[in-house]
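S.K.: What follows is a predicted structure for the sequence shown.
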Amino acid sequence: MNKINSCAICESTGPNFEFATIKDGYHILKCPFCGIYFVHPQPSEKDLEKIYSFGKGYFKHSDFNKNVISPYLEKCLKSLTKNTCKGKKFLDVGSGNGETVFFAEKMGYDALGLDINKGAVEKMQKEGINVINSTLESFNGERSSFDVVYLGNIIEHVKNPSEFLDKCNFLLKKGGKLLLATPNTNSFVSKYQLMLTKLFGIPWGHISPPHHLFEFSDKNLIKLLNSKKFKIEWIQFYTSSFSYSVGNTGLFKKFKREYGESRDFFKAWKKNKFKDNIMLGVVITLFSLGYLFDKFLGICYKGGNVMTALAVKK
């Protein structure tokens, strides 16, 4: 394994970074100073282009209902401005299926999306959604030209989050808003599932290498944003769906495929191998306990394995 000279988030240099786990052949390490989890070694830019392509199935069959906005996205967009958003420039990084750009424009924003998936971009452009095939790092935008930059579950995917946020700061006007969502390792569900990994070898359901390269906690995310001259307005926590966590272990790909086609749990169960169904039952039972405890603990503390933060450029 290649030697790590310093942490990409806090720039600390040793002692040795802690080994957390291996998932899908990727080593997950943890910085002992800021607590960031990260993939090492990281995929090359060329590998990432392949990973985020229709050839690998990424967003190939992902569509959205143009008549109905999701409650979460609607809440996010409405939280960005108290007055009119008409004509304000909005940048969505990692546009996926174009849903955010579409509804931002519908609300009155002058919206633009960026995405690395060439196939997805071509599909969105044919539907009239204003998206271009580019990474944020290579995007030739002017300084202080955007009112809003939206990072919807994207910062955990990039190779250098620190430089990534520098570019966000460059593009935003003074007082411009940065809205981002990302998983949160400082949560009971995340810590519980990592404990199950260490005790029973169940793959950590919180991280998805090679798509997720960094996993933040609320503490190191806030510290990083502050270091990039952003002021946190608020941070909110959510708990991801139970089925997402189970599926994200990567153990039940055949079951997921069968269920995706039939939408019938018992039909997919019958088509699955007996030993795989036993493992599925074990994981469902263990993860259920974690989610029940998380719901109980939620009465006493604010936390969740997904977080959304709104920050303002100073």
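M.R.: Looks like it arrived, so ask away.
S.K.: quick one: least confident helix or strand in this structure?
M.R.: When the helices and strands of the chain are scored by mean pLDDT, DSSP states H and E, helix 253-262 comes last with a mean of 73.
S.K.: Skip ahead from that one and say which helix or strand is next.
M.R.: helix 265-271 (DSSP states H and E).
S.K.: Just the mean pLDDT for that following helix, thanks.
M.R.: For helix 265-271, the mean pLDDT works out to 75.
S.K.: That helix: what's the following helix or strand?
M.R.: Note on helix 265-271: by DSSP H and E, the next helix or strand toward the C-terminus is helix 274-297.
S.K.: tell me which strands and helices that following helix is in contact with?
M.R.: If you count contacts as 3 or more CB pairs under 8 Å, 6 or more residues apart in numbering; DSSP states H and E, helix 274-297 packs onto helix 188-200, helix 242-247, helix 253-262. All C-beta atoms are positioned from the backbone trio N, CA, C, and that covers glycine.
S.K.: Tell me which of those helices is the most buried.
M.R.: helix 188-200 (a mean of 18; mean count of other CB atoms under 10 Å).
S.K.: Report all helices and strands that it contacts.
M.R.: strand 18-23, helix 274-297.
S.K.: Quick one: those as JSON lines, columns for distance to Glu163, mean pLDDT and mean neighbour count too.
M.R.: Below are those laid out as JSON lines (distance: least, CB to CB, whole Å; pLDDT from 0 to 100; neighbours: other CB atoms under 10 Å):
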{"stretch": "strand 18-23", "distance to Glu163": "24", "mean pLDDT": "93", "mean neighbour count": "16"}
{"stretch": "helix 274-297", "distance to Glu163": "34", "mean pLDDT": "88", "mean neighbour count": "14"}
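S.K.: Including distance to Lys219, could the ones you listed go into TSV?
M.R.: Output for these, formatted as TSV (distance: least, CB to CB, whole Å):
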stretch	distance to Lys219
strand 18-23	17
helix 274-297	18
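S.K.: Quick one: closest of these to His212.
M.R.: The closest of these to His212 is strand 18-23. By CB to CB, the value is 9.6 Å.
S.K.: and the angle for that closest one with helix 188-200?
M.R.: In terms of direction (axes from the mean of the first three to the mean of the last three CA atoms, to 10 degrees), strand 18-23 departs from helix 188-200 by 80 degrees.
S.K.: packing partners for strand 18-23?
M.R.: Using 3+ CB pairs under 8 Å, 6+ apart: strand 18-23 touches strand 26-30, helix 188-200.
S.K.: For the shortest one, output the C-alpha coordinates as PDB.
M.R.: Looking back up the chat, that one is strand 26-30. This file holds the C-alpha atoms of strand 26-30, laid out as PDB (Å, rounded to 0.1, in the frame of the first residue of the first chain):
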ATOM      1  CA  TYR A  26     -10.700  -1.200  -0.900                       C
ATOM      2  CA  HIS A  27      -8.900  -0.300   2.300                       C
ATOM      3  CA  ILE A  28     -10.700   2.200   4.600                       C
ATOM      4  CA  LEU A  29      -8.400   4.200   6.900                       C
ATOM      5  CA  LYS A  30      -9.100   6.800   9.500                       C
END
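S.K.: List the neighbours of it that are in contact with it.
M.R.: Identification of contacts with strand 26-30 by CB atoms under 8 Å, 6 or more residues apart in numbering yields 1, 4, 17-22, 36-41, 204, 207, 209-210.
S.K.: State the mean pLDDT of it.
M.R.: Strand 26-30 carries an average pLDDT of 93.
S.K.: What strands flank whatever helix or strand comes next after it, and is each parallel or antiparallel?
M.R.: Following strand 26-30 in sequence order, the next helix or strand is strand 37-40 (DSSP H and E). Next to strand 37-40 in the sheet, as set by DSSP bridges, lie strand 26-30 (antiparallel), strand 214-215 (antiparallel).
S.K.: Name the stretch among these that sits most buried.
M.R.: Ranked by mean neighbour count, the strands paired with strand 37-40 are led by strand 214-215 with a mean of 25 (mean count of other CB under 10 Å).
S.K.: Many thanks, I have nothing further to ask.
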